[in-house]
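In: sequence-free structure coming up:
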């Protein structure tokens, strides 16, 4: 596979139009689509109007009826962090708004599969909820919705995934990606959709005079830490609306006002509350929540997020950390096996014959971890990847998880495979960058061929180039602690609003290996005599480094023993 090509973002901007900003930060904002006059600090007043969501009026009517008549409401979540945080938001908000009979259920990844299924509905028969409300699922769950309604349950679907050709026959559907929906943020996560529904419900109750001195209006902003966590975890594009949600949630966490579960997750992951940024949510907290759904029961994660007992939250967060450690070990082995499969194919057939759409499978892989494998292999190949594992004890049915690259819409690609070969895929769903599916083992080889054919028809060869985007060079004076601090808190950075990376030529004054695979360097930038400490994690082929390197790096604020200092986090080096 080809090495990275470093490309620089180019944008036209006038630094004088951003007089209060460091020129580097102004350049970065401009390259990400912000313009002079745009608000640089996302505020809740800029949040898109929840009333613009189609179906939200009918959903509010059903929830108002449930609250007024003490009906049994069951939240049906999903087994990832978006679904878990969305479930926690729904349960907490409904109880704050006066619902007395609120429960939740999450499908078991291995027994039920994804979303609201007939099997899950059957298991709800004993408690027979009056109203089911899905979170982060449901738009593709036609059979599950039909089964629930056949048992006399009403169903509200809240989801953000792309719908298929037909919609389920739910009593209400709230999904910004339904055709014709006017809500401007099509990238909002499932937890964000649920938060909007709760805001709209509170607004309806306020208009109806439901709140007074004896029943004050609840402050739903207390849920924003959960909304931020789920939004970052689901890797949705941080458009203007999502940046508002994430920024508000981060402010609550830094102020120590998060729910006790989020505080406990910060503690067990060694994060300093006052320094929390979006990447901490994505790389420290979210994997601990996700691990429960991947290997055990997502109920552990949800309970951590809905309890108000700090001791219970800490015990659950500790258990989630233990499960996450198991997940990491399992993932490392599976990724190694996937990379070995790729290397063998290239050795046997050459780069030119390598698929554009990659399909991997091992009979001993774990279905809860294949999404992470697909993600890691996709990053290294820069090609869409589907990873499969056995979905049942016999191994006749497979569960697959797919990850994509820019320019290749996964769900549309799977829909094309399905149209070309009806019945080849079992169930599938997702969005542009991630999707899941079921597949008969007997169909694996044909699916791999069809997926590769669709990838070749939809992708241009230049999209397979492994590009590392840089925000350009920094002057020696800009390699400073002050700019690093400004950049750290200038986000929130994330999907489609990437954290700044820079590239410069350096002289390598000294280096040493740390922990067998990491590289600690002392670098000197051209035009300066000052040494700068740098770290490159998982350096691999970069050891030993050349005497002069072109490095792509991130300005980082490193904290050690209570002292903060500048450090470069090197993402890529090559001979200069």
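Out: All right, it came through fine. Keep in mind the model is a prediction, meaning the values are calculated, not measured.
In: switch to C-alpha atoms for all contacts and neighbour counts from now on
Out: OK.
In: for the stretch 351-500 of the chain, which spans come out with low pLDDT?
Out: Low-confidence segments of the stretch 351-500 of the chain (pLDDT under 70): none present.
In: can we see that at 80?
Out: 392-395 (pLDDT under 80).
In: and the chain, by the same measure?
Out: Checking the chain against pLDDT under 80 turns up 1-3, 12-19, 35-40, 108-114, 392-395, 527, 540-543, 560-562.
In: per-domain residue ranges of it.
Out: 5-9+468-575, 48-323, 355-464 (automatic domain parsing).
In: any idea how far apart the tips of the second one sit?
Out: Distance between the two ends of domain 48-323: 37 Å, counting by Cα to Cα, to the nearest Å.
In: with the first one instead?
Out: Counting by Cα to Cα, you get 13 Å between the two ends of domain 5-9+468-575.
In: use 52 as the first number from now on
Out: Yes, from this point I'll number from 52; that puts the last item at domain 56-60+519-626.
In: off-centre distance for that domain?
Out: The chain centroid and the centroid of domain 56-60+519-626 are separated by 25 Å under Cα atoms, centre = their mean, to the nearest Å.
In: circling back: most tightly packed of the domains of the chain?
Out: Among the domains of the chain, domain 99-374 has the highest mean neighbour count (mean count of other Cα atoms under 10 Å), at a mean of 21.
In: centre-most residue in the protein?
Out: For the chain, the residue nearest the mean C-alpha position is residue 285 (2.0 Å; Cα atoms, centre = their mean).
In: quick one: it and residue 132 touch, right?
Out: Yes - the criterion here is Cα atoms under 8 Å, and residue 285 meets it with residue 132 at 7.2 Å.
In: nearest residue to the residue nearest to the centre of the chain in space, please, no chain neighbours.
Out: Nearest non-adjacent residue to residue 285, counting by Cα to Cα, 6 or more residues apart in numbering: residue 133, 5.8 Å away.
In: pretty sure the one you found is touching residue 284, no?
Out: Yes - with contact defined as Cα under 8 Å, residue 133 and residue 284 form a contacting pair (6.5 Å).
In: contacting residues for the residue nearest to residue 348 when sequence neighbours are not counted?
Out: Spatial nearest neighbour of residue 348, excluding adjacent residues (Cα to Cα, 6+ apart): residue 159 at 7.0 Å. Taking Cα atoms under 8 Å, 6 or more residues apart in numbering, we find residue 159 in contact with 130, 165, 344, 348.
In: the third one and residue 455, how far apart?
Out: Distance of residue 344 to residue 455, given as Cα to Cα: 22 Å.
In: same thing with residue 148?
Out: 40 Å.
In: also residue 395?
Out: Taking Cα to Cα, one finds residue 395 at 22 Å from residue 455.
In: and residue 589, by the same measure?
Out: Residue 589 is 23 Å from residue 455, by Cα to Cα.
In: what of residue 502?
Out: Residue 502 is 12 Å from residue 455, where distance means Cα to Cα.
In: residue 318 now?
Out: 33 Å.
In: tell me who's in contact with the residue nearest to residue 165 when sequence neighbours are not counted.
Out: Closest residue to residue 165 apart from its sequence neighbours, by Cα to Cα, 6+ apart: residue 158 at 6.7 Å. The contact partners of residue 158, taken as Cα under 8 Å, 6+ apart, are 127-130, 164-167, 171.
In: so how far is stretch 143-154 off the chain centroid?
Out: In terms of Cα atoms, centre = their mean, the centre of stretch 143-154 is set 27 Å apart from its chain centre.
In: same thing with stretch 496-516?
Out: That offset, for stretch 496-516, works out to 24 Å (Cα atoms, centre = their mean).
In: what of stretch 390-407?
Out: 29 Å.
In: who's in contact with it?
Out: 52, 428, 434-435, 503, 506-507.
In: closest to residue 223 out of those?
Out: Comparing the contacts of stretch 390-407 against residue 223 with Cα to Cα places residue 435 closest, at 34.0 Å.
In: for the closest one, which non-adjacent residue is spatially closest?
Out: Nearest non-adjacent residue to residue 435 (Cα to Cα, 6+ apart): residue 455, at 4.3 Å.
In: so residue 440, which of the three states?
Out: strand (DSSP: H, G, I helix; E, B strand; the rest coil).
In: just grab the bridge partners of it for me.
Out: On the basis of DSSP bridges, residue 440 is bridged to residue 450.
In: how near is it to residue 454?
Out: 15 Å.
In: likewise for residue 101?
Out: According to Cα to Cα, residue 101 and residue 454 sit 30 Å apart.
In: picking up where we left off before, can you tell me which of the contacts of residue 158 are in helices?
Out: residue 171 (DSSP state H).
In: could I get the contacts of residue 158 in JSON lines, plus columns for distance to residue 280?
Out: Converted to JSON lines, those look like this (distance: Cα to Cα, whole Å):
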{"residue": "127", "distance to residue 280": "19"}
{"residue": "128", "distance to residue 280": "16"}
{"residue": "129", "distance to residue 280": "15"}
{"residue": "130", "distance to residue 280": "15"}
{"residue": "164", "distance to residue 280": "24"}
{"residue": "165", "distance to residue 280": "21"}
{"residue": "166", "distance to residue 280": "21"}
{"residue": "167", "distance to residue 280": "23"}
{"residue": "171", "distance to residue 280": "27"}
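In: ok, so of the contacts of residue 158, who is nearest residue 563?
Out: Using Cα to Cα, the contacts of residue 158 come closest to residue 563 at residue 130, 41.6 Å.
In: pretty sure residue 183 sits in a strand.
Out: Yes - read with three-state DSSP, residue 183 is one of the residues of a strand.
In: any chance of TSV for the domains of the chain, columns distance to residue 388?
Out: Shown next, in TSV, are these (distance: least, Cα to Cα, whole Å):
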stretch	distance to residue 388
domain 56-60+519-626	17
domain 99-374	19
domain 406-515	8
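In: quick one on the thing from earlier: for residue 398, see how far away the residue nearest to residue 348 is.
Out: From residue 159 to residue 398 the distance is 39 Å (Cα to Cα).
In: what's the answer for residue 56, then?
Out: Using Cα to Cα, we find residue 56 at a distance of 23 Å from residue 398.
In: what is the subsequent helix or strand relative to the longest helix along the chain?
Out: Longest helix of the chain, by residue count under DSSP H: helix 361-400. Scanning forward in sequence from helix 361-400 by DSSP states H and E, the next helix or strand is strand 409-412.
In: show me how far that next one is from its chain's centre.
Out: That offset, for strand 409-412, works out to 22 Å (Cα atoms, centre = their mean).
In: so what does the helix or strand that it is followed by touch, helix or strand wise?
Out: Downstream of strand 409-412, the first helix or strand assigned by DSSP H and E is helix 421-432. Judged by 3 or more Cα pairs under 8 Å, 6 or more residues apart in numbering; DSSP states H and E, helix 421-432 is in contact with helix 361-400, strand 436-441, strand 448-454.
In: select, out of these, the one closest to residue 462.
Out: strand 448-454 (9.4 Å).
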